[in-house]
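sequence? don't have it. structure:
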């Protein structure tokens, strides 16, 4: 099964439905995929991310491989959907990071690794957009990882019964492949990640775990088109832009 969230052309309220070919079935109606705007496919209470979960990525940043999963948060306000714009923060160095995202299917705590697959609803694509300048001095990475539009997510959730590891992950920048790896290279496996996180934190239905990025990360510039593709799931496309002047100058009240 493939699930999406979307805005129909005639309405303003988001709907959730099942994607069947080029049709979405929602609320006993059919909607043409070409006539709707896809949104991020879930609304998590939190996004838990793993840092340096591929050895080659840790090496390219000059970091040691962690002995336990290195975790950080992105807030729900960072989420954007397919085709939405990534708005660059005022930083000289902002990177893309293609990642497999796990979507949790039920409220859970203290899940052992051998039962971890039972709490997974499905998988989607994520881009862990990162402000490297802020990451250099911001020890908890709140500014580096949590700014608005730093968590593109989508385009669909594919249920776990439809796809199996290893997942093939690619990132293309303006059509050129920059990242190309599989989840067989993860340092900490999906069951190990879930066991670690739920050992101290309750996960809610719809929460997202981003499993880390492979090597090949690099900078984004205004005007870029960045695409995260995971074979069997789909392609998450986002254009990159600089903030409009009115966004900088005018407060949101």
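It's in. Bear in mind that the values here come from a model prediction, so they are computed numbers and not experimental data.

residue contacts, the closest residue to residue 33 other than its chain neighbours?
Closest residue to residue 33 apart from its sequence neighbours, by CB to CB, 6 or more residues apart in numbering: residue 22 at 4.7 Å. Heads up, the C-betas are built off the backbone N, CA and C, glycines and all. By CB atoms under 8 Å, 6 or more residues apart in numbering, the contact list for residue 22 reads 32, 33, 34.

most surrounded residue in those residues?
residue 33 (15 neighbours; other CB atoms under 10 Å).

mind checking how far that one is from residue 136?
Separation of residue 33 from residue 136 (CB to CB, to the nearest Å) stands at 42 Å.

cool, residue 189 as well?
For residue 189, the distance to residue 136 equals 30 Å [CB to CB].

between these two, tell me which one has more neighbours.
Higher neighbour count among residue 189 and residue 136: residue 189, with 16 against 10, using other CB under 10 Å.

checking the closest residue in space to residue 140 that isn't next to it in sequence next. Helix, strand or coil?
Using CB to CB, 6+ apart and skipping the chain neighbours, the partner closest in space to residue 140 is residue 72 (7.4 Å). Classification of residue 72 by DSSP: H, G, I helix; E, B strand; the rest coil places it in strand.

where do the strands sit along the stretch 101-250 of the chain?
120-127, 130-131, 151-159, 168-173, 176-182, 208-210, 218-219, 225-230, 234-241 (DSSP state E, counting those that start in this stretch).

redo these as JSON lines? Include mean pLDDT and mean neighbour count.
Shown next, in JSON lines, are the strands of the stretch 101-250 of the chain (pLDDT from 0 to 100; neighbours: other CB atoms under 10 Å):
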{"stretch": "strand 120-127", "mean pLDDT": "98", "mean neighbour count": "25"}
{"stretch": "strand 130-131", "mean pLDDT": "98", "mean neighbour count": "24"}
{"stretch": "strand 151-159", "mean pLDDT": "98", "mean neighbour count": "25"}
{"stretch": "strand 168-173", "mean pLDDT": "98", "mean neighbour count": "20"}
{"stretch": "strand 176-182", "mean pLDDT": "98", "mean neighbour count": "16"}
{"stretch": "strand 208-210", "mean pLDDT": "98", "mean neighbour count": "27"}
{"stretch": "strand 218-219", "mean pLDDT": "98", "mean neighbour count": "13"}
{"stretch": "strand 225-230", "mean pLDDT": "98", "mean neighbour count": "22"}
{"stretch": "strand 234-241", "mean pLDDT": "98", "mean neighbour count": "20"}
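
between the ones you listed, which one is nearest to residue 50?
In this view, those are compared for proximity to residue 50 by CB to CB, and strand 208-210 is the closest at 6.6 Å.
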